[in-house]
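**Student:** Need a 3D model of the following:
(one chain, ligands or ions: 1)
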Amino acid sequence: MKLSRRTFLGTSAAVAGTLAAPAVLADGHGKPRVVVVGGGAGGATAARYIAKDSKGEIDVTLIEPTRTYYTCFFSNLYLGGFKEVSDIGHTYGALAASGVNVVHDWAVGVDRDAKTVALAGGASVRYDKLILSPGIDFVEGAVEGWDISAQNAMPHAYKAGSQSELLKAQLEAMPEGGTFAMVAPPNPFRCPPGPYERISMVAHFLKNNNPTAKIIVADPKPKFSKMALFQEGWANHYEGMVDWIGEDFGGGNVSVDPAAMTVTIDGEETKVDVCNVIPAMKAGRIAELAGVTDGNWAPVNAADMSSKADPDIHVLGDAAAQGDMPKSGFAANSQAKVCANAVRGALTGSKVFPAKFSNTCWSLIAANDGVKVGATYEATEEKIAKVDGFISEVGESSDVRKATYEESEGWYTGITTDMLG
Ligand SMILES: Cc1cc2nc3c(=O)[nH]c(=O)nc-3n(C[C@H](O)[C@H](O)[C@H](O)COP(=O)(O)OP(=O)(O)OC[C@H]3O[C@@H](n4cnc5c(N)ncnc54)[C@H](O)[C@@H]3O)c2cc1C
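**Tutor:** Numbers count the residues shown, from 1 in each chain. All right, here's what the predicted structure looks like:
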């Protein structure tokens, strides 16, 4: 083919752009470097995809303090007796073997001018692109009488692992006919159906082990995700056991006393045996330390999950203020793939595909009684915007509900492999 002058110039400019990009970004220190903070649904997926797809062209370092990641997804099923704690724990060996430099430490600071991340152990790691996926922390003072020092008396179990095991042990130790209380969080929070799936799983456990026990939920919201489906399920499976007190009845006017094990809802004090306090949430603290938060969350551009405060920092998952997606593991994993593709493109000149996102959240109400809600999304200038969605219906047949539960089992295996290899 004979090249015209115009084609020749266009081709050389594109090739020059492709070749120049990594050299410029690597800034004379060899391969471009990506540092990922947080080895959960967002961070582990991003690290894995960048390492895998760049085939050694990019150095990827993952900073994650824990050696075993316990998924919050399916942690309620562990409370209900459908899973063992070992079923929800995953290590980082396969990720390391696939080429990600896994550093078990805390990120304690970000110097955006020097492009370095400081670690609690004293090291400092350089980056060309930084990806933050630290999940959530709790808003101090959100529930009167509770702070993080009370999490042993009144667990949140909203970061899985030892907190999940503690809540399960407390559930098992409840006296016959005792009371389990939950203080539910205000919007927006990690996993919108999570508290209500938990109520279902606690009710399932109590029905089988302590059938005269009661459950009280103090909720600051007038409604919640999949509300009609959960309420139908509670009436069908756990009649008379669950007392949900929403905003209209003072569910948001709550204080707790962890020493006395009391919960006061709209002026009425109740002595309880177990109290699961799920406080209001905010982005994991490192996002705030990096200076990329505005209020409780970190605003991002929908096309590539880059921070609105810094184009070389991307924020994924629960920590991001991104638009319409719920704060879920599925969503974090979906955002991570869009981000990985964009980061690789920026560092190596590889093709960047238009951003598309999806999410499904399954919940188990009782044995083989699964329900789901989901949607697809696209990137607009303003936000990640919902395109269309679906939700289970009330009154579905037991076959449909069983199939929905089985689908969630397949998803769990799929996403944990997609994250960690
Ligand atoms: C009870 C419950 C049930 C749920 N069920 C579902 C479900 O069925 N489906 C679903 O899709 N989602 C579910 N979720 C939500 C899901 O767990 C989260 O949305 C998802 O984990 C968010 O991913 P992430 O990467 O933002 O954060 P995480 O997965 O929490 O990962 C954050 C990681 O960052 C690390 N980290 C934090 N700070 C630092 C730091 N300074 N330095 C280094 N590392 C740091 C943490 O150790 C952690 O490993 C559920 C959540 C709960 C609580």
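
**Student:** Near the ligand, which residues of the protein? Just list them.
**Tutor:** 37-43, 63-66, 69, 72-73, 75-76, 106-107, 133-135, 158, 190-191, 194, 198, 284, 286, 316-319, 327-330, 332, 361-362 (Cβ under 6 Å from any ligand atom). Where you see a C-beta, it was placed from the backbone N, CA and C, and this is true even at glycine.

**Student:** Can you tell me which of those residues are buried?
**Tutor:** 37-43, 63-64, 69, 72-73, 75-76, 106-107, 133-135, 158, 190-191, 194, 198, 284, 286, 316-319, 327-330, 332, 361-362 (16 or more other Cβ atoms under 10 Å).

**Student:** Sort out which of those are in strands and list them.
**Tutor:** 37, 63, 69, 107, 361, 362 (DSSP state E).

**Student:** which two in these are spaced the farthest apart?
**Tutor:** Using Cβ to Cβ, these reach their maximum pairwise distance at 107 and 362, which is 31.5 Å.

**Student:** What residue in the stretch 1-150 of the chain comes nearest to the ligand?
**Tutor:** Going by Cβ to the nearest ligand atom, the ligand is nearest to residue 40 of the stretch 1-150 of the chain, at 1.9 Å.

**Student:** Tell me who's in contact with the spatially closest residue to residue 384 that is not a sequence neighbour.
**Tutor:** Nearest residue to residue 384, sequence neighbours excluded (Cβ to Cβ, 6 or more residues apart in numbering): residue 323, at 3.8 Å. Shown in contact with residue 323 (Cβ atoms under 8 Å, 6 or more residues apart in numbering): 302, 377, 380, 382, 383, 384, 385.

**Student:** Need the buried ones from those selected in PyMOL.
**Tutor:** Restricted to buried positions by 16+ other Cβ under 10 Å, the PyMOL selection for the contacts of residue 323 reads:
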select buried, resi 302+377+383+384+385
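
**Student:** So in this structure, where's the weakest helix or strand by average pLDDT?
**Tutor:** The helix or strand of the chain with the poorest confidence is helix 5-26; it has a mean of 38 (mean pLDDT, DSSP states H and E).

**Student:** just how off-centre is stretch 124-140 within its chain?
**Tutor:** 14 Å (Cα atoms, centre = their mean, to the nearest Å).

**Student:** so where is the protein shaky, pLDDT-wise?
**Tutor:** 1-29 (pLDDT under 70).

**Student:** Which residue ranges of this structure form helices?
**Tutor:** 5-26, 43-54, 75-80, 93-97, 162-172, 194-209, 227-237, 285-289, 329-348, 398-420 (DSSP state H).

**Student:** Looking at the ones you listed, which is nearest to residue 149?
**Tutor:** helix 162-172 (13.8 Å).
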